[in-house]
Every structure is written in C-alpha cells, then in structure tokens.
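*Asks:* structure, please.
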Amino acid sequence: MEKHRKRIEWVDFGKGFTIFLVVITHCLNGYWDSVSRDQNIAYVSNSLLLIIMPIFFSLAGFVFNHPKNMREYIKMVRAKAISLLIPYTIFSIILNITKKILGVNVGLGEIIDIWYKPIEYLWFLYILFFVFVVVGLLYTFRVNSLSQMIIYILIFCSIQFYGADAYILKSFGWAIFFVLGVILKQNIKLLSSIYFITISGVIFVISYLMLYRYVGYNYDYDQLSLINIIPKLSVDMFCISIFANLSIKSMFFKYFQSYGKRSMIIYLIHPPVISAVIRLFVKLHIVNSVILIFVSLILTWGTSIAVVKLTNKVNILQFVFNPYAKIRQYL
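*Replies:* Numbering: from 1, shown residues only. Okay, here's the model as predicted:
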C-alpha cells in the first residue's frame, strides 16, 4: 500500500485548477464579509461553492487504493491521521493566532474544541480523514462501492431529516462524492462518453437554475444538503469528465498540473493571506470591488506559490505540509 504510484496527470490538473477556484471563491467571500454585500459577488461565489469541494472529494476517491485487510486498514488510518490531522492542528493554531493579530475576538476554546468542531475552512481536512476511516473500513469488510454509495445516501438523508448536528456526521454525506470517484475509476470509460458528459452537464444546468430560482442567494451553498446535492453531484461528474479529456500538452494544463501536486499547501496557506490582505486594503480605504478582489487574488496566489517553492527547500515546512513523508521512514 505504501509503494510509490505514478501520478495521474489530469487528476493533478483537476486539483490545481480547482484550488485556484477555491482561492477565487475565498477572495470573493472576503470582500462580501468585510466590504460590501454585493449580490453579484454572492452569485459568482455561490456558483463556485457548488463546484469546488465535491471535486476534491471525488478526486481523492479516484486515486484511493482501498485496504484489503485489517492490517492494511490500520496502516492507512495511521498514514491519513499523520498526513491530515497534523496540518489540521497546526493550522488551527495558526488561524487562531492570525485572528487575534487582526483584532478578531477569539479564545483558546476554539483550539480546544477542534477535535469535534473544525475552525472555518479546515473542516475539509477533518471530514476527509473520517471519510477515509469510514470508507476504508467498509472496503475491509468487502462492502463494494455501489453498496457503500447506497449506505451513505441513506445515512445522509436520515441525518438531514432528523437534524443531527454533530460535525463528524457530515462525513457520510461527503463520502458519497468520495465513493463516486472510486466508481468513476472502476468505470473509467464513462469519463470519455459524450452521453455521460452531456447528461451530467444538462442535469447540472437545470438543477442549478432551479436552485437559484427557488432558493436564492441567502443560502449556504458550500455545505452539503438535500437542496444542493443534485447540482453538486452532476457538476462533479461533468467537471471530472472534462478534466480527464483535456489535452495534456497545453501550457494551461501544465501550469495547473504542476501546482495540483501541491494543492494541499495552497489550500492551507491562502485563507490567512486573504484575511490579512483584505484587512489591509480596508484600512487603506481601498474598497473598489474589482481592484480589491483582483489584487487580493494575485497577492494570495503569488504568496501561496512562493510557499510551495520554499517548501521544497525547507525541511520544517515539508514536515508541516506533508508530515507523513517525513515520519514514515521511522514507522
């Protein structure tokens, strides 16, 4: 299970391009939270929020090699705990400190509670870890992908109807997208089927338009719910199909592919940078939406890329962002 595997080029592109969309979304949200509740900003931001996180979960499922027995399962859980929960803890502390520096009223309780209540954007690492735990366990007990999908859909619907609010339970909803990635890998020909691409695209457009027509802007499009699961699933399948069929020779593809390999670093670094940049611009009374969003995007993306390059040279940063690579030789 631990041996090196050849990377899939279009998967790296998908991660790189999607993390760029994440940075754009958080720049838009930063403007919305700090400057102006512009409905046009909400429209673009909510549209992106429907797309980005489902792709990450499904791509994680696509490259997932499930454990064959309990010994492999325990090794996998240990590896994922190290690679996900160490950065999760470190950046929970960093985010808390950043908030204090920026004058936000936060306490030590936020850090103490991270074992059951993630801080802001770090929910992704928390949920992804438990998705690996749950999905891997069921594969260990020989529960196939389709059966797992049905199980997670039923649990997700039950949670939605009965209103259980424990954060860890969100793992069952996002496991749907993770297992979707596994199913797409097992049925790889679907990704090149024009019928599959067209149908998923059409379903997304129709469900997307209905969502905005009947729900509107004032809704949490990021977190999964019965209201938005259809557009999230359909756009997820559509985007992954597009990624899989792009030409790998273009500069556009190669650029985002190169940073897809380090998308975790960009994911962890960019929110504190956005907060600091927007806070600075507001203090300088630079609140024009185009200027603030564009400049914050350029500065945030540039800073994230600089950290990616620096990480290749600094051991402590390699441990922070990829601790398992540093620790596994001792396990």
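*Asks:* can you give me the strands in the stretch 1-150 of the chain?
*Replies:* Using DSSP state E, counting those that start in this stretch, the stretch 1-150 of the chain contains no strands.
*Asks:* in the helix or strand of the chain with the lowest mean pLDDT, what counts as buried?
*Replies:* Using mean pLDDT, DSSP states H and E, the weakest-scoring helix or strand in the chain turns out to be helix 109-112, at a mean of 82. Neighbour-count burial for helix 109-112 flags 110-111 (criterion: 16 or more other C-beta atoms under 10 Å). The way it works is simple: take the backbone N, C-alpha and C, and place the C-beta from them, glycine included.
*Asks:* so what does it touch, helix or strand wise?
*Replies:* helix 86-101 (3 or more C-beta pairs under 8 Å, 6 or more residues apart in numbering; DSSP states H and E).
*Asks:* return the distance of the helix it packs on from the chain's centre.
*Replies:* 18 Å (C-alpha atoms, centre = their mean, to the nearest Å).
*Asks:* and Asn245, how close does it get to Cys239?
*Replies:* 11 Å (C-beta to C-beta, to the nearest Å).
*Asks:* who has more neighbours, those two?
*Replies:* The neighbour count for Asn245 versus Cys239, taken as other C-beta atoms under 10 Å, is higher for Cys239 (24 against 12).
*Asks:* once you drop chain neighbours, what's closest to that one?
*Replies:* Nearest residue to Cys239, sequence neighbours excluded (C-beta to C-beta, 6 or more residues apart in numbering): Ile55, at 5.6 Å.
*Asks:* thought Val11 was touching Gln257?
*Replies:* No: with contact defined as C-beta atoms under 8 Å, Val11 does not reach Gln257; the gap is 9.0 Å.
*Asks:* now do the contacts for Phe77.
*Replies:* If you look again at residue 77, you'll see it is Val, not Phe. 132-133, 136 (C-beta atoms under 8 Å, 6 or more residues apart in numbering).
*Asks:* from the residues you listed, which is closest to Gln39?
*Replies:* For the contacts of Val77, the minimum distance to Gln39 (C-beta to C-beta) is 38.2 Å, reached by Phe132.
*Asks:* can you read off the pLDDT for the closest one?
*Replies:* pLDDT, Phe132: 97.
*Asks:* contacting residues around the closest residue to it other than its chain neighbours?
*Replies:* Using C-beta to C-beta, 6+ apart and skipping the chain neighbours, the partner closest in space to Phe132 is Lys80 (4.6 Å). Taking C-beta under 8 Å, 6+ apart, we find Lys80 in contact with 129, 132-133.
*Asks:* by neighbours, which of these wins?
*Replies:* In the contacts of Lys80, the most neighbours by other C-beta under 10 Å go to Phe132, 26 neighbours.
*Asks:* ramachandran angles for Lys185?
*Replies:* The phi and psi values for Lys185, taken as degrees, to the nearest 10, are phi -70, psi -40.
*Asks:* so how far is Ser304 from it?
*Replies:* Per C-beta to C-beta, Lys185 is found 29 Å from Ser304.
*Asks:* which one of the two is surrounded by more residues?
*Replies:* Set Lys185 next to Ser304 and count neighbours by other C-beta under 10 Å: Ser304 wins out with 22 against 18.
*Asks:* could you say what helices and strands the helix ranked longest in the chain packs with?
*Replies:* The residue-count maximum for a helix in the chain (DSSP state H) belongs to helix 9-34. Where contact means 3+ C-beta pairs under 8 Å, 6+ apart, helix 9-34 is packed against helix 39-62, helix 229-244, helix 251-260, helix 263-283, helix 289-311.
*Asks:* low pLDDT regions in the stretch 101-250 of the chain?
*Replies:* 102, 164-165, 218 (pLDDT under 70).
*Asks:* all helices for it, in order.
*Replies:* Assigned by DSSP state H, counting those that start in this stretch, the helices in the stretch 101-250 of the chain fall at 109-112, 123-140, 145-162, 170-186, 194-214, 229-244.
*Asks:* correct me if wrong: Phe64 contacts Leu180.
*Replies:* No: the criterion here is C-beta under 8 Å, and Phe64 misses it with Leu180 at 11.4 Å.
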